[in-house]
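starting from these lines, generate the structure:
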Amino acid sequence: MAILVVDDSADERFLVSSFLQAAGYDVVTADSMDSTLEYLKGLNAKNPPATIDMILLDVLMPQHDGIEACRRIKALKQFHDVPVLMISGEAAPGNVQLAYNQGAIDYIRKPVIRSELLARVALVSKLQEEIKLRKEQAKQLQELTQQLEAANQRLQGLSGVDGLTELMNWGRFDELFEQEWKRAARENFPISLIFFALDDFKAFNETYGYLTGDECLQRTATAARETLGHPGHVVARYRGAEFVAMLPGMGEEDTTHLAELLRKTIEALDLGITLVLGVATGHPNEFTSRVTLLASAKEALIKNKQGT
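Residues are numbered from 1 along each chain as shown. Here you go, the predicted structure:
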């Protein structure tokens, strides 16, 4: 463990260094803030960068005091988390508080007592190791969570089911949409889409929380499934708070009535959010595209949203 001792007094530097070296620590010394910052920046410039594990910093030094030195050290990205212990013969409450405000972790009084110095250094070292361990554990947990989320998404994609709403996911819907479009072109029947979304859902989540938001999506999905789930009809989660229903064989007028029924059904749930819908009907043939039909349903939703 490498410790940097900063004090303008050569005697104090020698005394503190000898205590630390006898206890097995590697010690480097500096006599001012300027020499300290120069040394630290030099470490940072090395390839690979070298580091210091702890800094013992005298409060009363000429030109720039230790409190200002602490502030400047903490401003260096590589050394921001390095613990700084202040050393001073003046332990006035104001100075102590200033030191803590600038990032110091502990305060040692002069004259330095060997047992107290080593005990505080050991305590701070142990604390830093625990902090480092917890950060590593948190990082590992975050990485594991991301891996699990990615695995769940892959599984959901394979199963064709959206994990939250239990509706068909977009990937599976798009495959089915293509199949139905080709069938409708062969057999000459229309296909209608209802594109619907919970309006301003981001603000809803921010106001009521994401758990409430998830429940809102689940209840919307259940209502949509029950209202639109006739044989041959398919309801899917498009993304976020957006959904789409495919109604093979249904014309524009009947689809509009069904969309209105969906609106009333979801409004009756009293979820505290507005449902916006867009309806489009297409007649598949070699000159038409299912992509265009989906775009038309989205555009209708946008127009209806702007009209609310």
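
ok, which stretches of this structure are helices?
With helices called from DSSP state H, the chain shows them at 10-22, 33-45, 66-74, 93-101, 114-159, 170-187, 201-208, 210-228, 252-267, 290-306.

can I get those in JSON lines with distance to Tyr238 and mean pLDDT?
Backbone N, C-alpha and C define where each C-beta goes, glycine included. Formatted as JSON lines, these follow (distance: least, C-beta to C-beta, whole Å; pLDDT from 0 to 100):
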{"stretch": "helix 10-22", "distance to Tyr238": "64", "mean pLDDT": "94"}
{"stretch": "helix 33-45", "distance to Tyr238": "49", "mean pLDDT": "88"}
{"stretch": "helix 66-74", "distance to Tyr238": "48", "mean pLDDT": "89"}
{"stretch": "helix 93-101", "distance to Tyr238": "51", "mean pLDDT": "76"}
{"stretch": "helix 114-159", "distance to Tyr238": "14", "mean pLDDT": "83"}
{"stretch": "helix 170-187", "distance to Tyr238": "6", "mean pLDDT": "94"}
{"stretch": "helix 201-208", "distance to Tyr238": "13", "mean pLDDT": "92"}
{"stretch": "helix 210-228", "distance to Tyr238": "12", "mean pLDDT": "94"}
{"stretch": "helix 252-267", "distance to Tyr238": "15", "mean pLDDT": "94"}
{"stretch": "helix 290-306", "distance to Tyr238": "9", "mean pLDDT": "90"}
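
for Ile55, find the nearest of those helices.
helix 66-74 (6.6 Å; C-beta to C-beta).

returning to that earlier point: so which of the helices of the chain gets nearest Met1?
Nearest to Met1 among the helices of the chain is helix 114-159 (6.4 Å), distances taken as C-beta to C-beta.

would you turn the helices of the chain into JSON lines with distance to Leu56?
Shown next, in JSON lines, are the helices of the chain (distance: least, C-beta to C-beta, whole Å):
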{"stretch": "helix 10-22", "distance to Leu56": "6"}
{"stretch": "helix 33-45", "distance to Leu56": "11"}
{"stretch": "helix 66-74", "distance to Leu56": "10"}
{"stretch": "helix 93-101", "distance to Leu56": "12"}
{"stretch": "helix 114-159", "distance to Leu56": "8"}
{"stretch": "helix 170-187", "distance to Leu56": "60"}
{"stretch": "helix 201-208", "distance to Leu56": "46"}
{"stretch": "helix 210-228", "distance to Leu56": "46"}
{"stretch": "helix 252-267", "distance to Leu56": "66"}
{"stretch": "helix 290-306", "distance to Leu56": "63"}
